[in-house]
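**Student:** When you get a sec, could you give me coordinates for this:
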Amino acid sequence: MNQILEEIWQSSFKSNEKLILAILWSFLFKYGSESDEKEIIKISKIELAESSSLDSNKSGRIITDLDDSDWLILHDISTDGFIEKLEIELLIPDDAGISLPDKEIINNGDKEEIKISQNKLDNDHSDMDIIISFWRKHFQKRPMTPTEYTYLKGFVDKGMEAKLIAELLSYTKTQSINNPISYIRKILTDLYNNDIYTLNQYLEQDRELKNIGEKSISKNNPGEKKRNRKDKVSELEEEGWD
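**Tutor:** Prediction:
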């Protein structure tokens, strides 16, 4: 999956087109293909709009623009009740040099089913769903770019917990950071280098820092009132995490 995202990013597509392609491939790896022979998905315009933070008309136009490219073919637009669904075949350009995960034959009674071996991929994209959901919640007017998606997924692939990344997204919004992804990358890199991968580890580290600070104040300034504690991310930065 990372190879596909990297290939998308290196393409000449516009930023929003790259984002849509990344979302479509994530959808495929999460839910599987509608066909045993081709990589076909059915996704509603609403799902596509929510995942990309673009309105449904704009995301639909991007799909139309990408139609018959080396990356996808739009086969059909159907209506399920009031919901429009797109039937899309995802392609990998011949010159990309990328192969999809091997498929295995699973015997299911009298029927043999073909299933992609992707348990780890499912877990990864479940984590990315959490992160994308928090991003949409806190940065409603700022769609996540393919580069930002790739950066955050890189930390997920390294074992960083989605809840920890989501916590940092929430904090970053409250600080009105101009470049949130650069800010978060610095913190995540320092956490990773210090073997902190989960939200619980992060909170435990914060408690230890607070205990050390409070003991120091009590020892050196017995009559001084306890100072107000800064929030956990700011304190980590103050200790040299920036």
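**Student:** Give me the most central residue, this protein.
**Tutor:** When CA atoms, centre = their mean is applied to the chain, the residue found nearest the centroid is residue 128 (3.5 Å).
**Student:** Mind exporting the C-alpha coordinates of stretch 9-17 to PDB?
**Tutor:** Presented in PDB, the C-alpha positions along stretch 9-17 are these (Å, rounded to 0.1, in the frame of the first residue of the first chain):
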ATOM      1  CA  TRP A   9       2.300  11.200  -4.800                       C
ATOM      2  CA  GLN A  10       5.100  11.200  -7.500                       C
ATOM      3  CA  SER A  11       2.500  11.400 -10.300                       C
ATOM      4  CA  SER A  12       1.700  14.600 -12.100                       C
ATOM      5  CA  PHE A  13      -1.900  14.700 -10.800                       C
ATOM      6  CA  LYS A  14      -3.200  17.700  -8.900                       C
ATOM      7  CA  SER A  15      -3.200  17.600  -5.100                       C
ATOM      8  CA  ASN A  16      -6.900  16.800  -4.700                       C
ATOM      9  CA  GLU A  17      -6.700  14.200  -7.400                       C
END
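**Student:** Return the set of buried residues in it.
**Tutor:** Buried positions in stretch 9-17, judged by neighbour count with 16 or more other CB atoms under 10 Å: 9, 11, 13, 16, 17. For the C-beta atoms, the positions are set from N, CA and C on the backbone; glycine is no exception.
**Student:** swap in stretch 157-169?
**Tutor:** Of the residues in stretch 157-169, those buried (16+ other CB under 10 Å) are 160, 161, 162, 163, 164, 165, 166, 167, 168, 169.
**Student:** circling back to that earlier point, where helices are concerned, which of the buried residues of stretch 9-17 count?
**Tutor:** 9, 16, 17 (DSSP state H).
**Student:** so who does the first one touch?
**Tutor:** Taking CB atoms under 8 Å, 6 or more residues apart in numbering, we find residue 9 in contact with 18, 146, 147, 150.
**Student:** Quick check: pLDDT value at it.
**Tutor:** Residue 9 is assigned 81 on the pLDDT scale.
**Student:** Please report the distance of residue 59 from residue 27.
**Tutor:** Per CB to CB, to the nearest Å, residue 59 is found 13 Å from residue 27.
**Student:** Comparing these two, which residue is more hemmed in?
**Tutor:** residue 59 (25 against 19; other CB atoms under 10 Å).
**Student:** That one reaches residue 49, doesn't it?
**Tutor:** Yes: applying CB atoms under 8 Å, one finds residue 59 in contact with residue 49, separated by 5.1 Å.
**Student:** can you list the domain ranges for this structure.
**Tutor:** 1-98, 117-242 (automatic domain parsing).
**Student:** Return the member of the ones you listed having the minimum mean pLDDT.
**Tutor:** domain 117-242 - the lowest mean pLDDT of the domains of the chain, at a mean of 71.
**Student:** which secondary structure element contains the residue nearest to the centre of the chain?
**Tutor:** According to DSSP states H and E, residue 128 maps onto helix 119-138.
**Student:** after that helix comes which helix or strand?
**Tutor:** Following helix 119-138 in sequence, per DSSP H and E, is helix 146-157.
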